[in-house]
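K.L.:
return a 3D structure for these sequence lines:
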Amino acid sequence: MTLTTVSLLTVLILAAAMLYSSVGHAGASAYLAAMALFNVAPDVMKPTALALNIVVATIATIKFYQADCFSWPVFWPFALTSIPFSFIGGALVLPGSLYKPVVGAVLLYAAYWLLVAKPAAVADVRSIPLWAALAAGAVIGLLSGLTGVGGGIFLSPLLLFMGWAKTKQTSGVSAAFILVNSIAGLLGHSSSVASLPGVIPVWAMAAVLGGWMGAEFGSKRIGNTTVRRLLAIVLVIAGLKMILTWPA
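P.N.:
Next up, the predicted model:
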């Protein structure tokens, strides 16, 4: 990668970490989008996104927990099955011809959620059926490990649309969920750590700075709708790029 590419990706990672952590996410889908725009190799994208996810999700989890925005009863049944399945997904390596359309679809889904989807207003949080939480955790965990995302983009809308948690609580639970899944996914394919680029310490520092600022803000106030829409546009561009360049 050229110095210009590294610099631009550093700025994008900082911005993504700040924006995503403000809603309890770690930014993996945005990191994947940014790397896709600069034609980073798939075998580098997945471990890099997971590593940066761990950094940002750790900060977000601490911030939202300190703000009393975490619920153990909501978290544990999803995490119970997502962790082993994320490990399994991390151990699976998709060839580039499959990785591109799968990640492209994930990015488009993330864009849809940011741009269009609206959670239903919930007066009273409904109890979560144990079987539903366990099943959803397994599916989300497998997809998280397979693609290199933490799963928050799937868990958050599920919790909100089903009325299983309120907004701030959803952010806190998602942050912790992303953290454990990202760790499990990376451990599942520990050999991929060798594919991490040499510039990863710089990107990690950018993620720490952005994650701290975003989580500090987000644990006290909801993110800006305009920013979410702009971010969704970037995800759409990157997602379409991944799909339209398949199978090259």
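K.L.:
worst-scoring helix or strand of this structure, pLDDT-wise?
P.N.:
Using mean pLDDT, DSSP states H and E, helix 225-244 stands out as the lowest-scoring helix or strand of the chain, at a mean of 71.
K.L.:
and the longest helix seen in the chain, what does it pack against?
P.N.:
Longest helix in the chain by number of residues, with DSSP state H as the criterion: helix 42-66. Helix 42-66 sits against helix 3-21, helix 28-37, helix 96-115, helix 167-188, helix 200-218, with contacts defined as 3 or more CB pairs under 8 Å, 6 or more residues apart in numbering; DSSP states H and E. Heads up, the C-betas are built off the backbone N, CA and C, glycines and all.
K.L.:
give me the mean pLDDT for the shortest one.
P.N.:
Think helix 28-37. Mean per-residue pLDDT for helix 28-37: 87.
K.L.:
what residues does Ala138 make contact with?
P.N.:
Contacts for Ala138 (CB atoms under 8 Å, 6 or more residues apart in numbering) come out as 81-82, 85.
K.L.:
between those, which sits nearest Ala91?
P.N.:
Minimum distance to Ala91 across the contacts of Ala138 is 10.6 Å, recorded for Phe85 (CB to CB).
K.L.:
skip the chain neighbours and tell me the closest residue to the closest one.
P.N.:
Counting by CB to CB, 6 or more residues apart in numbering, Gly141 is the residue found nearest to Phe85 once chain neighbours are left out, at 3.5 Å.
K.L.:
does that neighbour touch Asn181 like I think?
P.N.:
Yes - at 5.8 Å, Gly141 counts as touching Asn181 under the criterion of CB atoms under 8 Å.
K.L.:
overlap of the contact sets of those two?
P.N.:
Counting by CB under 8 Å, 6+ apart, the residues touching both Gly141 and Asn181 are 82-83, 86, 151.
K.L.:
mind giving me the PyMOL command for buried ones among those residues?
P.N.:
Selection of buried members from the shared contacts of Gly141 and Asn181 for PyMOL, criterion 16 or more other CB atoms under 10 Å:
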select buried, resi 82+83+86+151
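K.L.:
using pLDDT, spot the least trustworthy of the shared contacts of Gly141 and Asn181.
P.N.:
Ranking the shared contacts of Gly141 and Asn181 by pLDDT, Gly151 lands last with 86.
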